[in-house]
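A.B. asks: sequence? don't have it. structure:
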C-alpha cells in the first residue's frame, strides 16, 4: 500500500513539474508573440517624421538634415557605396578609355582623351571633380555648378554670371558638401525645388515657367538640373547653357550647333571643329516609353522603400538593376531574372550599335588626317569635316548618356544609325579627295588596341596643332 | 476512464504546493493567451471585413487601392481572395493562407513588393469567373484560361502600380484599441483636456 502511494506521488511530482515547465515555455512564447504583435501594430500608426530641428535657408551640410530625416539621410549616405558593377553601368569605377581605346581617338586634343571614368555616387562628387585629370588651372568655376549644394549660395551672393566667370581653383577647399539635400529640396517645406539657374533659363527660352511644373514632373526635373547636356557659351563668360532651344532630340542639338556655329575644340587628327554632348540623360529619357507613360526618374532610381511601417523614398540614387523588386516589379510583374534579361538585351544591342558608329568615326578621323597629309585644302575638306562633326553630335548624344540606350531604345538605335551613316558618308567623300591627291588605296589604320597605343598615335597630331597655334595665335575659338 | 482523465487534468496527484504553482502557471498562460487573442484581433479573422486585412500594415496599399476602385462597391477582399466553393474550402484556405502570412510577418520575412502566389492566382481567377459568368458565355473565352483575366485587366482593382508605389501615405482606418475600453475612453478624454 505504502509502495503504491509513493509510486503515485512520484508520478504526481513528475506531472507537476512537466505542467509547470510546459506552462513556462508556452508563457514565454506567447509573451514573445504578443510583444511582436504590439510592436508591429505600432508600426502601422507611425507617421512620417516631423520636423524636429528647423533647417536654415542655406543649410548645405547634409548631416544637419539627418536629424529630421534619418531614413532619407541614411539612404543618401549609401551613395558612397561602390557596389559591384552592373553589366554596363553601376557604382563601381570603370576606365572607359582602357575598355574602349577608340575614345582616345574620338576625343583627341580634348579633356576626355586624358581621363574618362564611369561616375560614382552623389556622395563622391567633390572628391571626383577635384581629382580628375580633366581639371586644370584654366578650368572655370562653372565646373562646380553641379557638384555641391554650396553653389546656389555663391551664385546668390556673387551673381550667377560672376560665379561662372571665376576660376575652378578659387573654390577648391571651400566646397566640401557633396551633392545632397539642398540641391533638390526647400529646407522649410521639403517640397522639390529647382536650385540651378541653367534649367530655369532653358525652360524660359522655350516659353515654359518651371515653377508651374507638377510634382510628378519635378521628380524628374530636379535631376534635369544636372543630368542633361550643356556647354559653356564662350571662353570669356563660361556661361552655362543647355542646347535646348530647338528641342530635346539629337537632331535638335545638331540643328542648334549648326545654327550657333559653336565650336568646343578642333580635332587635331582630322582638323574637324567639334562639339561635345554631356550626359543627356533627361533628354534621352524624354524620348522613351517610360517618359511617355509619366514615369519619373525617381520612380525607378529612387523607388519607395519600407522600413517597419514607414514608407519613404530611397535616396540611394543608383541603377535600378540593383533593386529590381522595388523599381521595376511594381509595374512589371515578372521575375527579377526576366526583367534583368530584358534590360541587358536592350543594352547589348545599343552597345553593338555604338561599336559600329565608333569604328566608322575613328576611320573617318584617320582618313581625314591622311587627306591633310596628302595636301588636301581646308576648303575641300570643309564638307566632309562637317559630316563628321554631325556624326559625333549624334553618337555622343547616346554614348555620353547613362543607361546604355535603355532610357529610349528605339530612339537610340535611330540616332546611332544616323551617326554611323554620317561617318561613312564623310569617309567616302574624303576618300574621293584622297584619290584626287594620288592615293591608290584606303587610308592605313594604326594599331589602336590599347589606350596607350591610341594615345601614342594621337600625340604627334596634338603637338603639331599646338605648334601651329603658337605660330598664329588666334585662341581656341576656331570658326567654321 | 473519465474519472482518470479528470484526475490527471485536475492535477490531483501533484503534491500540495507544486499543484498551486501549476494552477498559477496555467492561469498566466490562459490570461496572456486571451490578451494575445485580443491584441491580434484574432476574432476579426473569421469575418469578411476588409479592415481585417490591414490589421498589419503590409496590405495598406492593397486596401487603399481596392477602396478607391469600383470593386469596392461590390466585392470585399474575401470575395476575390478566398475560394467560395464551400464553407470548408473557404475557411481551410483562409487558415492556410493566414498562417503563412502571420508566420512570414512575425519572422520579418515579408517581401518589399508582394506578389500573388500561384495558389492565390488560381483562387482569384475562379472568383473572377464566379461573378462575371455572363462574360464567359462565349465558349472560346471560357475555355481559353491559360491566361488569367488579370493578365490583361492588370489594373483591376489594385491599379497600375502595385505594392509600395501604389499609394504613398494612404489614409486608412485606424486600428482598434489594444487596451480595455474604459482605459481607451480615459485616453481620449485626456486628449480633450
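C.D. replies: Thanks, I have it. Owing to the predicted nature of the structure, the values given are computational and were not obtained by experimental measurement.
A.B. asks: Check whether residue A:324 really touches residue A:340, as I assumed.
C.D. replies: Yes. With contact defined as Cβ atoms under 8 Å, residue A:324 counts as touching residue A:340 (6.4 Å). The C-beta positions use only the backbone N, C-alpha and C, and glycine is treated the same way.
A.B. asks: So if I had to pick from these two, which one is more boxed in?
C.D. replies: Of the pair residue A:324 and residue A:340, residue A:324 is the one with more neighbours under other Cβ atoms under 10 Å in any protein chain shown, namely 21 against 15.
A.B. asks: Helix, strand, or coil at residue A:312?
C.D. replies: Counting by DSSP: H, G, I helix; E, B strand; the rest coil, the backbone at residue A:312 sits in strand.
A.B. asks: Next, count neighbours for the closest residue to it other than its chain neighbours.
C.D. replies: Spatially, and ignoring its direct neighbours in sequence, residue A:312 is nearest to residue A:71 (4.9 Å; Cβ to Cβ, 6 or more residues apart in numbering or on different chains). Applying other Cβ under 10 Å, we find 20 residues neighbouring residue A:71.
A.B. asks: wait, doesn't residue A:71 sit right on residue A:313?
C.D. replies: No. Residue A:71 lies out of contact with residue A:313 (Cβ under 8 Å); the separation is 9.0 Å.
A.B. asks: for chain B, what spans make up the helices?
C.D. replies: With DSSP state H as the definition, chain B shows helices at residue ranges B:2-9, B:16-39, B:60-67, B:77-81, B:87-106, B:118-131, B:139-143, B:149-152, B:181-192.
A.B. asks: quick one: the strands in the stretch 301-450 of chain A?
C.D. replies: Under the criterion DSSP state E, counting those that start in this stretch, the stretch 301-450 of chain A contains strands at A:304-307, A:310-313.
A.B. asks: which stretches of the stretch 151-300 of chain A form strands?
C.D. replies: A:231-232, A:240-241, A:265-266, A:273-274.
A.B. asks: for the chain, what are the low-confidence residue spans?
C.D. replies: Going with chain A. A:1-8, A:45-50, A:473-480 (pLDDT under 70).
A.B. asks: meant chain B actually
C.D. replies: In chain B (pLDDT under 70), the answer is B:136-145, B:168-169, B:187-193.
A.B. asks: can I see the domain layout of it?
C.D. replies: B:2-39, B:42-173 (automatic domain parsing).
A.B. asks: Quick one: name the residues of chain A near chain B.
C.D. replies: A:8-9, A:11-13, A:15-17, A:19-20, A:23-24, A:26-27, A:30-31, A:33-34, A:36-38, A:40-41, A:43-45, A:48, A:299, A:303-306, A:309, A:311, A:325-326, A:329-331, A:333 (Cβ under 8 Å from any Cβ of the partner chain).
A.B. asks: So how do I select the buried members of the residues you listed in ChimeraX?
C.D. replies: In ChimeraX syntax, the buried subset of the residues of chain A next to chain B is picked out as below (16 or more other Cβ atoms under 10 Å in any protein chain shown):
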select /A:12,15,16,19,20,23,26,27,30,33,34,36,37,40,41,44,299,303,304,305,306,309,311,325,326,329,330,331
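A.B. asks: Let's see which of the residues of chain A next to chain B end up in helices.
C.D. replies: Short answer: the residues of chain A next to chain B in helices (DSSP H) are A:8-9, A:11-13, A:15-17, A:19-20, A:23-24, A:26-27, A:30-31, A:33-34, A:36-38, A:40-41, A:43-44, A:299, A:325-326.
A.B. asks: and residue 166, what does it touch?
C.D. replies: Reading this off chain A. A:140, A:141, A:158 (Cβ atoms under 8 Å, 6 or more residues apart in numbering or on different chains).
A.B. asks: Not quite, go with chain B.
C.D. replies: By Cβ under 8 Å, 6+ apart, the neighbours of residue B:166 are A:330, B:61, B:62, B:64, B:65, B:158, B:159.
A.B. asks: Tell me if I'm right that residue A:172 and residue A:127 touch.
C.D. replies: No. Residue A:172 is not in contact with residue A:127 according to Cβ under 8 Å; the separation is 11.8 Å.
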